[in-house]
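Asker: Give me coordinates for this.
(one chain, ligands or ions: 1)
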Amino acid sequence: MMSHSQDFDPVGTGFPISKILVANRGEIALRIMRSAREMGIKTVAVYSEADRTALHVRYADEAICIGPAASNQSYLVGSNIIEACKQTGAEAIHPGYGFLSENASFARDVMAAGLILIGPTPEAMEIMGNKLAAKAAALKYGIPMVPGTEEAITDIEEAKQRAIEVGFPILIKAAAGGGGKGMRIVENSADFEEQMHLAVSEATSAFGDGSVFIERYVTSPRHIEIQVLGDTHGNIIHLFERECSIQRRHQKVIEEAPSAVLTEEIRAKMGKCAVDVARAVNYVGAGTVEFILDENLDFFFLEMNTRLQVEHPVTEMITGLDLVKEQIKIARGEAISIKQEALKINGHAIELRVYAEDPLNNFLPDIGTLQTYKTPKGNGVRVDDGFEEGMEIPIYYDPMIAKLITYGANREEAIERMIRAIDEYDITGIQTTLSFGKFVMQHVAFTTGKFDTHFVSKYFNANSLNSSNEEEALLAAITTIQLLKDQKASSYVEETTQKSNWLKNRKKYN
Ligand code: MV4
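Answerer: Residues are numbered from 1 along each chain as shown. Below you'll find the model as predicted:
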């Protein structure tokens, strides 16, 4: 926790870090170690018994086994990780994403052990870990939020009146939830009470906290998030947006930066809001402020993620920054040297998460051995992965094999490069989401930028990957014609329809 610099380092001479323990595995562990190495900092890997031969173990300067394969006996055991720091003399811990990265009590233990956690304060983690506390903090800065209740619902009849006021459909959310967990849509007031009871009992059993609140349900949102950086000197900047609407069951599959629909005006407004949200909790380190954007291009604050995110590379590609290096510098107590006004978006980047999942079989995890594993190369291609040919994908962890990131002078070039890179990627032995990625890149709703969080359920089924399927080809053609019509209408006449309004609304801002 870098807040200690205020306590122990008032003149900002900094906390030298010579060795970092990376409390994670796979691609993110490697990605963090690479930046540390460039900075002349030694690295320590921790690993479970299932990861003895993993790349992150071989890459690190030292490695320590912290327990059996199951993550609740290894990567999630904070005391083992702190012990590994003591044994190796690492002064700092980088938690990556997932595992202990947003665990406030771990953050406190790290601090109490005299170590530096490369991340925000436990207080910021705690506030943002509770959606109602997060909204309360953001409210002080007048951040736009979806109409609903500001506090946990205690009186169902009162809540129902509020629901009628804001209008159905409404969404019941669990305060302790996040990432889509514990949400329920209610279509009308007749269903309200029953859904409320179900939501409370679900939240109680899932999170040990039955607090729920309601919001108007935004039916066709885009998910847009803003990367922020804060330091221990009170400086906070934003690094523009990432568009993350292409997801299935709250799991992101494709992310890009910048978004195809934001105007400079909205981008600046959203950026300022994100900085204010971070300021509301004295945010230190790298964080992400999540918004939804409706068809009128109005945006609303949803939540803040207090970690480095999976999709951070697209931001790195368009800003030229190394986010891990920035995190480490902030943890050393340095002031952010970049001025907001000096930041500029260069080009366009897209990330495809390559999962060991079978898109033809409802994205069922497909574990096995990487019989062939050849990554794409060349101009504008970045692959962040943690596997080699011949390795087995362990069943114990997330099935993400790699992140395929392409960069281009503009969106079209980034898409063309993604298609070329997908074609070059050679993986046998397991099914992957590469073919799904190509489907998205070639879909007219994606290429025209007219999509929302329902893209996958709306356009994708197993037949989508089989171009010889006549019915599917016909459906695709109809979709194309409709989208082209919409586009034409938006280019030449006043809007009349309620569908595909993204680019039409964008025109209002130009
Ligand atoms: C919403 C919403 C519509 N209206 N809130 C899902 C994840 C969590 N962060 C909040 N989520 C949503 N909140 C209101 N008032 C729709 C979603 C949502 C969603 C948001 C972002 C990305 C994908 C999503 C998929 C389904 C629902």
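Asker: From here on, just use CA atoms for contacts and neighbour counts.
Answerer: Will do.
Asker: In the stretch 401-510 of the chain, what residue spans correspond to helices?
Answerer: 411-424, 434-442, 444-447, 455-459, 470-492, 502-509 (DSSP state H, counting those that start in this stretch).
Asker: same check, this time on the stretch 101-250 of the chain
Answerer: 104-112, 122-128, 131-139, 156-166, 189-207.
Asker: Redo the ones you listed as a markdown table? Include mean pLDDT, distance to the ligand and mean neighbour count.
Answerer: A markdown table is the format used below for the helices of the stretch 101-250 of the chain (pLDDT from 0 to 100; distance: least, Cα to the nearest ligand atom, whole Å; neighbours: other Cα atoms under 10 Å):
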| stretch | mean pLDDT | distance to the ligand | mean neighbour count |
| --- | --- | --- | --- |
| helix 104-112 | 98 | 20 | 18 |
| helix 122-128 | 98 | 12 | 21 |
| helix 131-139 | 96 | 9 | 21 |
| helix 156-166 | 94 | 11 | 16 |
| helix 189-207 | 93 | 15 | 16 |
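Asker: sorry, back to before: confidence-wise, which of the helices of the stretch 401-510 of the chain is weakest overall?
Answerer: In terms of mean pLDDT, the lowest-scoring of these is helix 470-492 (a mean of 59).
Asker: will you turn the helices of the stretch 101-250 of the chain into TSV that also has distance to residue 254?
Answerer: Shown next, in TSV, are the helices of the stretch 101-250 of the chain (distance: least, Cα to Cα, whole Å):
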stretch	distance to residue 254
helix 104-112	29
helix 122-128	25
helix 131-139	25
helix 156-166	32
helix 189-207	28
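Asker: residue of the stretch 351-500 of the chain with the smallest distance to the ligand?
Answerer: For the stretch 351-500 of the chain and the ligand, the shortest gap (Cα to the nearest ligand atom) falls at residue 453, measuring 5.1 Å.
Asker: so which of the helices of the stretch 101-250 of the chain comes closest to residue 64?
Answerer: Among the helices of the stretch 101-250 of the chain, helix 104-112 comes nearest to residue 64, with 17.7 Å by Cα to Cα.
Asker: Which strands or helices does the closest one pack on?
Answerer: For helix 104-112, the packing partners by 3 or more Cα pairs under 8 Å, 6 or more residues apart in numbering; DSSP states H and E come out as strand 116-117, helix 122-128.
Asker: quick check, distance from the first one to the centre of its chain.
Answerer: The gap between the average C-alpha position of strand 116-117 and the chain average comes to 22 Å, counting by Cα atoms, centre = their mean, to the nearest Å.
Asker: For that strand, which strands pair with it and how are they oriented?
Answerer: When pairing is defined by DSSP bridges, strand 116-117 lines up against strand 92-94 (parallel).
Asker: what comes into contact with the strand it pairs with?
Answerer: The contact list for strand 92-94 (Cα atoms under 8 Å, 6 or more residues apart in numbering) reads 17, 19-23, 32, 85, 115-119.
Asker: got these as TSV, with neighbour count, pLDDT and distance to residue 205 columns?
Answerer: Below are these laid out as TSV (neighbours: other Cα atoms under 10 Å; pLDDT from 0 to 100; distance: Cα to Cα, whole Å):
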residue	neighbour count	pLDDT	distance to residue 205
17	18	97	41
19	21	98	40
20	28	98	37
21	30	99	34
22	28	99	32
23	27	99	29
32	23	99	35
85	24	98	35
115	20	98	34
116	24	98	34
117	26	98	31
118	29	98	32
119	29	98	29
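Asker: right, and the residue of the stretch 351-500 of the chain closest to the ligand touches residue 224 too?
Answerer: No: judged on Cα atoms under 8 Å, residue 453 makes no contact with residue 224 at a distance of 10.3 Å.
Asker: so what's in contact with these two at the same time?
Answerer: Joint contacts of residue 453 and residue 224 (Cα under 8 Å, 6+ apart) are residue 245.
Asker: Name the residue in those two with the higher neighbour count.
Answerer: residue 224 (25 against 21; other Cα atoms under 10 Å).
Asker: Quick check: beta-bridge partners of that one?
Answerer: What pairs with residue 224, by the bridge criterion (DSSP bridges), is residue 243, residue 291.
Asker: dump the residue contacts of it.
Answerer: 241-245, 259, 290-293.
Asker: Pull the most distant pair out of those residues.
Answerer: Largest separation among these by Cα to Cα: 259 and 290, giving 13.6 Å.
Asker: in this protein, which residue is closest to the centre?
Answerer: residue 309 (4.8 Å; Cα atoms, centre = their mean).
Asker: Helix, strand, or coil at it?
Answerer: What DSSP: H, G, I helix; E, B strand; the rest coil gives for residue 309 is coil.
Asker: can you offset everything so residue one is 32?
Answerer: Taking 32 as the first residue, the last one we looked at is residue 340.
Asker: Name the nearest residue to it, ignoring sequence neighbours.
Answerer: Nearest non-adjacent residue to residue 340, counting by Cα to Cα, 6 or more residues apart in numbering: residue 128, 6.1 Å away.
Asker: What's the separation between the one you found and the ligand?
Answerer: To the ligand, residue 128 is 16 Å away according to Cα to the nearest ligand atom, to the nearest Å.
Asker: right, and that residue touches residue 343 too?
Answerer: No: with contact defined as Cα under 8 Å, residue 128 does not reach residue 343; the gap is 10.7 Å.
Asker: which of the residues in stretch 410-418 are buried?
Answerer: Neighbour counts over stretch 410-418 (16 or more other Cα atoms under 10 Å) mark 411-418 as buried.
Asker: Need the mean per-residue confidence for it.
Answerer: In the prediction, stretch 410-418 has an average pLDDT of 98.
Asker: end-to-end on that stretch?
Answerer: Its start and end residues considered, stretch 410-418 measures 22 Å (Cα to Cα, to the nearest Å).
Asker: From the chain's centroid, how far away is that stretch?
Answerer: 18 Å.
Asker: Make CSV from the contacts of residue 255 and add pLDDT and distance to residue 192 to it.
Answerer: Converted to CSV, the contacts of residue 255 look like this (pLDDT from 0 to 100; distance: Cα to Cα, whole Å):
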residue, pLDDT, distance to residue 192
272, 99, 36
273, 98, 36
274, 98, 35
275, 98, 34
276, 98, 32
290, 98, 37
321, 98, 28
322, 98, 26
323, 98, 25
324, 98, 26
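Asker: which of those lies closest to the ligand?
Answerer: Using Cα to the nearest ligand atom, the contacts of residue 255 come closest to the ligand at residue 276, 5.6 Å.
Asker: before we move on, the earlier item: right, and the residue nearest to the centre of the chain touches residue 133 too?
Answerer: No: Residue 340 is beyond contact range of residue 133, at 11.3 Å (criterion: Cα under 8 Å).
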